[in-house]
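K.L.:
Provided below for reference: sequence and predicted model.
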Amino acid sequence: MKTYIRPMSGWWKRNPFYLWYMLREASCVFITAYALMLLWGLYRLQQSRIQYEEWRESLSSPLSFAFHAFALVLVVYHSWTWFKIMPKTLPRMPLPDGLVVVGGVAAVVACTTALMVLI
């Protein structure tokens, strides 16, 4: 008697939920690359101002701009999915789930605005 082995190839393509899940998980690769690029900039700043300026100049290419735009889209999507999970991870509260998500997004917008004003 032969046991049944379920085929695993393309399992994430069959259900839209899994497709979006895999997109979120794959976004970590690009977010890590972006973080490493920023760390490289800190390293260049530590070396000298001239090398830091060379690093900044390298970021002005169209390819770098496209990478930044793509990374921004992925970070926004990744953040949004975590805000949607937030009501499920908190202890039960008398607040509706939607209000918790909107509150989290509003807090991020408020903090970002405050930082932009200070800078």
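P.N.:
In hand now; what should we look at?
K.L.:
contacts, neighbours, all on C-alpha from now
P.N.:
Will do.
K.L.:
Relative to residue 112, how far out is residue 105?
P.N.:
Going from residue 105 to residue 112 by C-alpha to C-alpha, to the nearest Å gives 11 Å.
K.L.:
er, residue 10 actually
P.N.:
39 Å.
K.L.:
Of those two, which one has the most company?
P.N.:
With neighbours defined as other C-alpha atoms under 10 Å, residue 10 and residue 112 compare such that residue 112 has more, 12 against 9.
K.L.:
In space, not sequence, find me the middle residue of this structure.
P.N.:
Central residue of the chain (C-alpha atoms, centre = their mean): residue 75, 2.5 Å from the mean position.
K.L.:
Report the contact partners of that residue.
P.N.:
27, 31 (C-alpha atoms under 8 Å, 6 or more residues apart in numbering).
K.L.:
any idea which element it lies in?
P.N.:
Secondary structure from DSSP states H and E places residue 75 in helix 62-89.
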